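In: 3D model of this:
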Amino acid sequence: METIKRYKERFTGNLDTILSVMGFNLGVFIVSLYYLINLNQKDIGIAVLSACLIYFIFRKKFKNEAPISSGKDRLKNVLNLSFYLVFLISVLIYSMNLYYRPISYFILICILAGIIASEILYVREGDRVTSILLQIFLLSILIRAGIYYNFPSLMGYDAYFHAGMAKLITETGAIPPIEISNKYLYYPLAHIFVSITQLMGGLDIKDGFFYSIGFANIFSTAGIYLIGKKLEGPQMGLLAALLINLNNHNIVSGITNITPGSLVLCYFIIILYAIFSEKPGLVQTGLLLLATVLMVLTHQLTTFVVFLSLVSILLGKYLHNLLYESLPTAAASFNYLLFFVISLQTYWMFTYVTPETSFFEMIFKPLMEVLQVGSSYSSEELIVGTATNPDSLEVLILHISYLALPFFAIGGVLTWFSRRDAEKIDKFSIALVVVILYSFAYGIPLLGMRNFLTSRWFPLIAVFLVLVAASYILKLTSLFNSKKAKISAIFIIVLFFSFVMVTTPGINKDNPLVGKETTVRNQFKNIEIQPVKTLSAVYSGNILMDSPYDSCLFYRDQGYDANNATYFNTNQIESREISGDRMVLLRRSSLGEPISINDPNRYGINIIQPLPVEFFNSFEAPEYALVYDNAEVLAYLKENKEVKK
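Out: Predicted coordinates:
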């Protein structure tokens with residue numbers, strides 16, 4: 001027994017070193033596969049090996065230093081004043097540009113993030129942090145409002161369906177039938193929440209979404225601060241709250257494609273706060289159970305990810321008990337998880353996707369098939385990766401945008417597995433959650449399964465990532481001795497982090513600084529929305545248009561059946577022939593910016609490119625009549641019927 005105990009102590013005492021060496025070798029292995037079998041995942045390999053190498057080199061130099069001295073520090077006052085000055089300039093620049101945000105706007109956003117990070121270094125235990133939290137909220141609102149209100153239309157794809165459902169609830173006072181609501185007949189809470197906000201504020205549906213779920217996603221991040229404060233102090237909590245508001249996955253989930261899963265993220269943070277509360281008691285237990293029930297009624301798959309996270313936390317606590325002989329806390333108990341899984345499974349079994357298929361069957365039947373007979377589709381591209389130009393700076397920036405947070409998180413996980421931090425049960429369990437969830441998020445698609453939609457897991461996983469990443473960034477800052485060096489280091493780190501986050505095409509479709517050739521704009525101007533309103537009021541037949549311009553059917557005349565609309569496919573583009581009698585909508589902007597063109601011969605495949613000029617001009621043939629032209633959108637009718645110009 002003494003020998004086993006000695007080996008266990010040696011293992012736990014050097015766990016971070018063992019994992020950093022393993023991670024470095026894994027990164028080298030992934031990079032080497034690029035040269036051996038053309039595995040186009042070398043950027044992931046480089047991120048893993050570099051993060052592990054940096055940690056291994058500096059692991060003994062990290063300090064848990066007290067914050068830099070404040071007192072009557074002039075720089076602290078300058079930073080505070082500078083934030084509000086730069087903020088006002090950013091608002092002014094934004095308000096002066098319609099449908100476009102200039103590069104100066106993005107630079108100022110990044111400077112604001114750097115200023116907040118610098119101010120965080122001055123925070124000491126017991127200090128009031130209200131002013132910094134306010135700055136984080138103001139920056140988050142500026143980023144999200146800048147994206148959301150730059151065009152009059154909504155942004156995203158699923159958001160239109162959910163907006164339509166919420167709008168019907170507002171107008172009728174009832175949840176629409178299953179023919180309209182589909183599976184969301186059983187998951188209506190997010191839509192009801194938006195509808196209530198609409199009615200209470202006298203808002204339209206666009207504002208209703210922003211002031212309900214949009215603001216909820218911003219202010220719920222205060223829970224991240226409270227969790228971080230409990231784990232490592234107010235500095236880490238504040239920096240984690242800042243990082244999650246800058247993370248592009250959370251911006252997408254929280255504003256650019258709002259779904260019920262966006263509300264689940266808010267419940268998730270509440271649940272984690274209750275679990276990691278310093279004084280778990282009746283109030284925390286009540287919050288835990290209430291948020292769990294609300295979450296089960298709000299969304300399906302994101303709730304499942306929450307369940308996986310909580311199971312991983314409990315697993316981490318029991319593993320910690322075996323390794324460090326600690327006692328698991330009672331908040332995330334086995335009884336609570338049993339309540340969670342019974343609630344989830346029961347509701348899934350009695351909610352239907354089709355009249356014959358429950359949600360439970362839809363999720364787990366493919367899983368059983370994969371385990372028994374293998375994947376139903378080739379996962380070669382998922383494993384090998386899409387071929388890219390290795391010399392492209394644009395590709396590098398795009399890849400950094402989704403590797404930046406994991407890079408710092410890897411260092412944070414290794415730190416929390418170190419002898420100094422791993423003895424803290426909450427830190428150990430969170431670090432383990434990151435490892436487990438990332439394994440699931442990347443492993444499930446490689447099995448050949450798409451029905452778990454793991455790409456939508458990342459906003460939830462980011463809740464844990466920002467905690468470990470914030471801790472690691474502060475430790476990197478502690479490597480410097482002088483006050484100015486510390487402030488400069490964290491300012492530069494957060495400035496570049498925010499730049500790659502807020503300039504990615506997914507949240508920057510009005511002015512993509514990178515990915516211009518592959519970014520499909522799904523926000524529309526009034527001059528693009530109006531033709532759909534006008535023509536759908538006088539024409540009931542088939543309308544052919546580009547994708548995602550078909551999203552403007554959300555603004556159609558209420559009498560027009562949206563099922564009558566289709567969008568261009570590759571066969572039509574190549575042959576320049578349109579069969580049947582229909583109206584064709586052409587946007588002049590589609591000649592210069594890419595649209596999504598469906599390939600009917602390959603399921604789920606879209607070609608991203610501008611419309612060819614030859615196809616655009618083919619509608620000037622005699623069999624087409626120009627029936628509408630507002631300088632931006634042209635409408636042609638194959639047979640000139642009752643529609644008039």
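
In: When you work out contacts or count neighbours from here on, use the C-alpha atoms and nothing else.
Out: OK.

In: Flag the shaky bits of the protein, pLDDT-wise.
Out: Residues of the chain meeting the criterion pLDDT under 70: 1, 39-40, 64-67, 69-72, 278-280, 326-332, 363-393, 443-454, 602-604, 639-645.

In: ok, now which ones touch the residue nearest the centre of it?
Out: A centroid search over the chain (CA atoms, centre = their mean) returns H249, at 2.2 Å, as the residue closest to the centre. Neighbour list for H249: F458, P459, A462 [criterion: CA atoms under 8 Å, 6 or more residues apart in numbering].

In: Dump those residues to a markdown table, plus distance to I143, neighbour count and secondary structure.
Out: Formatted as a markdown table, the contacts of H249 follow (distance: CA to CA, whole Å; neighbours: other CA atoms under 10 Å; DSSP: H, G, I helix; E, B strand; the rest coil):
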| residue | distance to I143 | neighbour count | secondary structure |
| --- | --- | --- | --- |
| F458 | 19 | 19 | helix |
| P459 | 17 | 23 | helix |
| A462 | 18 | 23 | helix |
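
In: Closest one of the residues you listed to Q558?
Out: Checking the contacts of H249 against Q558 with CA to CA, the nearest one is P459 at 34.8 Å.

In: sorry, back to before: the residue nearest to the centre of the chain falls within a strand, correct?
Out: No - the assignment for H249, made by DSSP: H, G, I helix; E, B strand; the rest coil, is helix rather than a strand.

In: Quick check: chain neighbours aside, which residue is closest to I175?
Out: Leaving aside its sequence neighbours, I175 sits nearest to I169 (CA to CA, 6 or more residues apart in numbering; 5.5 Å).

In: All the helices of the stretch 1-150 of the chain, residue numbers only.
Out: 2-13, 15-37, 42-58, 74-95, 103-120, 130-148 (DSSP state H, counting those that start in this stretch).

In: which stretch among the ones you listed comes nearest V353?
Out: helix 130-148 (30.6 Å).

In: next helix or strand past the closest one?
Out: Next helix or strand after helix 130-148 toward the C-terminus (DSSP states H and E): helix 158-172.

In: mind listing the strands for the chain?
Out: Using DSSP state E, the strands of the chain run over 352-354, 357-358, 543-545, 565-567, 583-587, 595-598, 606-609, 625-629, 633-637.

In: The last one vs strand 583-587, what angle?
Out: Between strand 633-637 and strand 583-587, the angle comes out at 160 degrees (axes from the mean of the first three to the mean of the last three CA atoms, to 10 degrees).

In: Walk me through which strands strand 633-637 pairs with, and which way each runs.
Out: Using DSSP bridges, the strands paired with strand 633-637 are strand 583-587 (antiparallel), strand 625-629 (antiparallel).

In: from the middle of its chain, how far away would it be?
Out: 36 Å (CA atoms, centre = their mean, to the nearest Å).

In: quick one: T570 from I605, how far?
Out: 10 Å (CA to CA, to the nearest Å).

In: Give me the more crowded residue out of these two.
Out: Per other CA atoms under 10 Å, whichever of T570 and I605 has more neighbours is T570, with 16 against 12.

In: so who does that one touch?
Out: Here T570 is in contact with I597, N598, D599, P600, I607 (criterion: CA under 8 Å, 6+ apart).

In: is it true that the second one touches I607?
Out: Pointing back at N598 there. Yes - between N598 and I607 a contact is recorded at 6.3 Å, counting by CA atoms under 8 Å.

In: who's more crowded, the two?
Out: Taking neighbours as other CA under 10 Å, N598 and I607 compare with N598 leading, 21 against 14.

In: bridging residues for the more buried one?
Out: For N598, the beta-bridge partners are N569, N606 (DSSP bridges).

In: need the contact list for it.
Out: Contacts of N598 by CA under 8 Å, 6+ apart are Y567, F568, N569, T570, G604, I605, N606, I607.

In: Quick one: the helices in the stretch 501-645 of the chain, in order.
Out: With DSSP H, counting those that start in this stretch as the criterion, the stretch 501-645 of the chain has helices at 526-536, 570-575, 613-617.

In: Which positions within the first one qualify as buried?
Out: Right, the one you point to is helix 526-536. Across helix 526-536, burial judged by 16 or more other CA atoms under 10 Å covers E528, I529, P531, V532, K533, L535, S536.

In: With distance to E361 added, can I get those in a markdown table?
Out: Converted to a markdown table, the buried residues of helix 526-536 look like this (distance: CA to CA, whole Å):
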| residue | distance to E361 |
| --- | --- |
| E528 | 42 |
| I529 | 40 |
| P531 | 42 |
| V532 | 39 |
| K533 | 40 |
| L535 | 42 |
| S536 | 39 |
